[in-house]
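Fold the following and give me the result.
(chains A and B)
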Amino acid sequence: DTGVSQDPRHKITKRGQNVTFRCDPISEHNRLYWYRQTLGQGPEFLTYFQNEAQLEKSRLLSDRFSAERPKGSFSTLEIQRTEQGDSAMYLCASRWSSGGVHNEQFFGPGTRLTVL
Amino acid sequence: DQQVKQNSPSLSVQEGRISILNCDYTNSMFDYFLWYKKYPAEGPTFLISISSIKDKNEDGRFTVFLNKSAKHLSLHIVPSQPGDSAVYFCANDMRFGAGTRLTVKP
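Sure, this is the predicted structure:
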């Protein structure tokens, strides 16, 4: 399977703990996105990378959230000192971007986080 | 500030009839829109897109219409099939609407 993969698929943690999620994009894609989705809402943009550079972060993104894409391939999203409000589905997506060409994003299956 | 809006959380239609899903946007600078479909326990998958230089794009049973003066687009599915039952998201790049859950009844 050469699609976008995410690990783990489910994570249950206690409030105050740190969690880290991994995303492996489609190999030839230079852009990688992280989203958060809660019940009844669409994916909410968190941040994105072009290769290893983090180009944009949502203004709503708490400083407890950090993301990396060290070699321009896989990415990790870490949440420190988790809160119950962090419970959500975390989606990763990737695409190839070249100049002004518009194309679709390919999404992974998501990581469902539950904070107790 | 939400810039892509889907105001109908759900829609139910009979198999074989037309499904019309609506989306509004606030920024007239948006030049490209996409529709994604999402099944439970899966990530969204791309369905169809439209550029602002067009007012219609068709792909099989799926047609997207863009009305730039009204800042409105719609997705038409004809004929609707039970397998089309899913949540549909309208998006512009990284901005997604809240989604519309479509149920197609046999």
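
Could you report the neighbour count for the residue in chain A that chain B sits nearest to?
Chain A approaches chain B most closely through A:Phe107 (3.1 Å), counting by C-beta to the nearest C-beta. The way it works is simple: take the backbone N, C-alpha and C, and place the C-beta from them, glycine included. For A:Phe107, the count of nearby residues is 24 (other C-beta atoms under 10 Å in any protein chain shown).

Any idea what it is bridged to?
Per DSSP bridges, residues listed as beta-bridge partners of A:Phe107: A:Ala93.

B:Val13 is in contact with B:Val78, isn't it?
No: under the criterion of C-beta atoms under 8 Å, B:Val13 makes no contact with B:Val78, lying 10.3 Å away.

Looking at the two, which one has more neighbours?
Neighbour count, other C-beta under 10 Å: between B:Val13 and B:Val78, B:Val13 has more, with 18 against 13.

What parts of chain A come near chain B?
Taking C-beta under 8 Å from any C-beta of the partner chain, the part of chain A that reaches chain B is made up of A:4, A:33, A:35, A:40-45, A:48, A:91, A:93, A:102, A:104-110.

rerun that using 7 Å as the cut-off
Residues of chain A found near chain B (C-beta under 7 Å from any C-beta of the partner chain) are A:33, A:40-43, A:45, A:48, A:91, A:102, A:104, A:107-110.

ok, now which ones touch the residue of chain B at minimum distance from chain A?
Closest residue of chain B to chain A, C-beta to the nearest C-beta: B:Gly43 (3.1 Å). Counting by C-beta atoms under 7 Å, 6 or more residues apart in numbering or on different chains, B:Gly43 touches A:91, A:107-110.

try 8 Å this time
Shown in contact with B:Gly43 (C-beta atoms under 8 Å, 6 or more residues apart in numbering or on different chains): A:4, A:91, A:93, A:107-110.

Tell me the pLDDT of the closest residue to A:Leu46 other than its chain neighbours.
Once flanking residues are discounted, A:Leu46 sits nearest to A:Trp34: 4.3 Å by C-beta to C-beta, 6 or more residues apart in numbering or on different chains. pLDDT for A:Trp34: 98.

can I assume A:Trp34 is in contact with A:Cys23?
Yes: contact criterion C-beta under 8 Å: A:Trp34 and A:Cys23 qualify, at 7.3 Å.

shared neighbours of those two, anything?
Common neighbours of A:Trp34 and A:Cys23 (C-beta under 8 Å, 6+ apart) are A:75, A:77, A:92.

Parallel or antiparallel, which strands does the lowest-mean-pLDDT helix or strand in chain A pair with?
Lowest on mean pLDDT, DSSP states H and E among the helices and strands of chain A sits strand A:53-57, with a mean of 93. Each strand that pairs with strand A:53-57, with its direction, by DSSP bridges: strand A:44-50 (antiparallel).
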